[in-house]
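# mind looking at a prediction? Sequence and model below.
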Amino acid sequence: MPVTVIAPNARAFLLQLTIILTWILLYEAADILAYSPHASLWYPPAALSFAALTLFGWRALPAIFIACVLISLRHIELYHPADSVPYLQALYPSLAHSLSYLCGALGLRTLVIRQHLRYTGIVVSFLILAALAALAAALSGVWSLQWAGLLSDSERSAIWLGWWLGDLVAILSLTPLLFLLLDKLNGAQSVVRIGRLVPAIPGKWRDYAFKLSLALIAICCSMLLAQQIRQLEITFLIFFLILPAMWLVYTESVWRSFSGLALISLAIVVLMRVLQVTDYAAVYQFTIAMISASMLYGSAVPLLHATNQQLKQSLTIDPLTGILSRQAFIEQAELVMGRAGRRNTKLCLTVLDLDHFKRVNDVLGHQVGDQVLQQVCRKLQTQLRQQDLLGRFGGDELMLLLPETNAVEAALLCERLRQSIEKLQIKVIDQQVTASFGICEQQPNESFNQLFARADKTLLQAKQRGRNRIEIIAADDFATL
Ligand SMILES: Nc1nc2c(ncn2[C@@H]2O[C@H](COP(=O)(O)OP(=O)(O)OP(=O)(O)O)[C@@H](O)[C@H]2O)c(=O)[nH]1
């Protein structure tokens, strides 16, 4: 298949072009939803500016600035054709927007890079810096428009709050998804790699669609009621949206959660416009802001869950050999022994230890020693039944619990195991790596510790009697195979 290689310069140009076009497209979308001049219910270009400047730093500045200038010029031509606005002054709002978001984005970049922020740290910093950058963009934006002669003093004081909220709501609800999309576009090389930080959660699309539909139904119902009844209290019904939204975020991947969040915010702003409930714009804007912040915090839950799973796994499984850790082996062995006692069935515990393993390390090195341990464990595992338990007591000492097995059967199995270790053909100087086994059959009401102590003593016997051998205690007597 032919492979297209894009030169770095062409790649950079494509990136700039993509940002400019997307920015303009988002501006047009926001313009449809503007409810008063310079005040949108939700202003997506701000989200793109913040996301692109955070991910690409200074490199995204030209694209953002050019997009702003183009839009400012068009805005002046459309809305102030008669005014003699010097075109140079049209640069003020573009500078105000670009520089405000650049400061916020650079702040976030610096924190992520210098402080090695973890996921929740990134979320908290993002929320604070997004709010500050949006505030700076709104205040400098209205001032710049006044300086350019496009806004009066009274208009300036009337619109800065709506401007701020519109920007902030869009940033909180759309930037997380834009972080993921732009990072993918950038070959997962960006500073904020949320997609990498949070593990993927496999889930059915049908379940995701169900949760998302519940959220959309909650939005539609509450907003229709608000339109019909037209009472402020009724608009607060939208807060119930938090239930499906949090269900979504706790149980789905960040990609699905953040796409859902973008869709939820889009549905609210579109319905606000369609149902003509813009009188309650502030309620809905605060709802989006609160839901977004909660979903962002909530998206740490799958991460915590995955970390817990990893921790649990590392406590249960011995990382070197992949067999049960000592603790996990003892816990499971006690359960199996309890069951055997109740059912009155036979059970054996074997403790085995590699012979002269210290020599393997001394002669061949610790790394080879590790490989020998891994090889031995793999070999043992292939010869055991599903109900048998294999665990590492520590060092080169392993434990093997054999349910529903009497001493004779255990001895036969262990003899096969002993031979298979011998056949591994790991030689140290002139000697083969072998193992010694101590087998004990469980006595009535015997605890794990008591059984282990006896099996360990039996192993010692095998070592003293020459190694590479099996010793058994069937009842109270020693036997040698
Ligand atoms: N490579 C490696 N070596 C380990 C590990 N854990 C313990 N050891 C080494 O395993 C050796 C265990 O030696 P011992 O069981 O005391 O003695 P031995 O040389 O096996 O002799 P006998 O048991 O008496 O046959 C020590 O040298 C430990 O340092 C490990 O995870 N990896």
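Structure received.
# near the ligand, which residues of the stretch 301-450 of the chain are found?
320, 353-358, 361, 366, 369-370, 373, 395-396 (C-beta under 6 Å from any ligand atom). No exception for glycine: its C-beta is placed from N, CA and C like everyone else's.
# ok, of those, which come out buried?
Asp353, Leu354, Asp355, Phe357, Asn361, Gly369, Leu373, Asp396 (16 or more other C-beta atoms under 10 Å).
# what's the helix or strand for the residue in the stretch 351-481 of the chain that the ligand sits nearest to?
For the stretch 351-481 of the chain, the residue closest to the ligand is Gly369, as judged by C-beta to the nearest ligand atom, at 2.6 Å. Gly369 is part of helix 366-382, with elements assigned from DSSP states H and E.
# average pLDDT for stretch 168-179?
The average pLDDT for stretch 168-179 rounds to 94.
# longest helix anywhere in this protein?
The longest helix of the chain (DSSP state H) is helix 153-185.
# what lies in contact with whatever helix or strand Lys358 lives in?
Assigning secondary structure by DSSP H and E places Lys358 in helix 357-364. Residues outside helix 357-364 that contact it (C-beta atoms under 8 Å, 6 or more residues apart in numbering): Leu354, Val368, Gly369, Val372, Gly395, Asp396, Ile426, Val428, Ile429, Gln431, Val433.
# any idea how far Gln332 is from the fifth one?
Counting by C-beta to C-beta, to the nearest Å, the gap from Gly395 to Gln332 is 21 Å.
# and for the third one?
Gly369 is 27 Å from Gln332, where distance means C-beta to C-beta.
# quick revisit: distance from the chain centre to the helix holding Lys358, please.
42 Å (C-alpha atoms, centre = their mean, to the nearest Å).
# hang on, the earlier thing: pull out the buried residues from the helix or strand following the helix holding Gly369.
Using DSSP H and E, the helix or strand that follows helix 366-382 towards the C-terminus is strand 389-394. Neighbour-count burial for strand 389-394 flags Leu389, Leu390, Gly391, Arg392, Phe393 (criterion: 16+ other C-beta under 10 Å).
# what angle do the next helix or strand after strand 389-394 and helix 366-382 make?
For strand 389-394, the following helix or strand on the C-terminal side (DSSP H and E) is strand 397-403. Relative orientation of strand 397-403 versus helix 366-382 (axes from the mean of the first three to the mean of the last three C-alpha atoms, to 10 degrees): 10 degrees.
# what lies in contact with strand 397-403?
323, 326, 329, 332-333, 336-337, 339-340, 345, 347-353, 376-377, 380, 384, 387-393, 409-410, 413-414, 452, 455.
# the host helix or strand of Ile217: how far from the chain's middle?
Using DSSP H and E, Ile217 falls within helix 205-229. How far helix 205-229 lies from its chain's middle: 27 Å, per C-alpha atoms, centre = their mean.
# which other helices and strands contact that helix?
Applying 3 or more C-beta pairs under 8 Å, 6 or more residues apart in numbering; DSSP states H and E, we find helix 205-229 packed against helix 232-235, helix 242-251, helix 254-274.
# how about it: buried residues?
Tyr208, Lys211, Leu212, Leu214, Ala215, Leu216, Ala218, Ile219, Ser222, Met223, Ala226, Gln227.
# got it, and stretch 113-120?
Neighbour-count burial for stretch 113-120 [16+ other C-beta under 10 Å]: Leu117, Tyr119.
# same question for stretch 402-412.
Buried-residue list, stretch 402-412, by 16+ other C-beta under 10 Å: Leu402, Pro403, Glu404, Thr405, Ala407, Val408, Ala410, Ala411.
# do I have it right that the fifth one meets Thr458?
Just to be clear, that refers to Ala407. No - contact criterion C-beta atoms under 8 Å: Ala407 and Thr458 do not qualify, at 10.7 Å.
# got the end-to-end distance for stretch 220-240?
By C-alpha to C-alpha, to the nearest Å, the extent of stretch 220-240 from end to end equals 12 Å.
# for Leu132, find the nearest of the helices and strands packed on helix 205-229.
Nearest to Leu132, of all those, is helix 254-274, at 20.6 Å by C-beta to C-beta.
# mean confidence score for the closest one?
93.
# next one: it to chain centre, how far?
22 Å.
# list the helices and strands it packs on?
Going by 3+ C-beta pairs under 8 Å, 6+ apart, helix 254-274 lies up against helix 153-185, helix 194-197, helix 205-229, helix 242-251, helix 281-298.
# so how far is stretch 387-402 off the chain centroid?
Distance, centroid of stretch 387-402 to centroid of chain: 34 Å (C-alpha atoms, centre = their mean).
# end-to-end on it?
8 Å.
# please begin residue numbering at 14 from this point
Sure, I'll start counting at 14 from here, so that last one is stretch 400-415.
# ok, back up a step: got the angle for the helix holding Lys371 vs helix 379-395?
130 degrees.
# for the stretch 64-213 of the chain, which segments count as helices?
74-92, 104-127, 132-160, 166-198, 207-210 (DSSP state H, counting those that start in this stretch).
# what's the closest of the ones you listed to the ligand?
That would be, of these and by C-beta to the nearest ligand atom, helix 207-210, which comes in at 30.9 Å.
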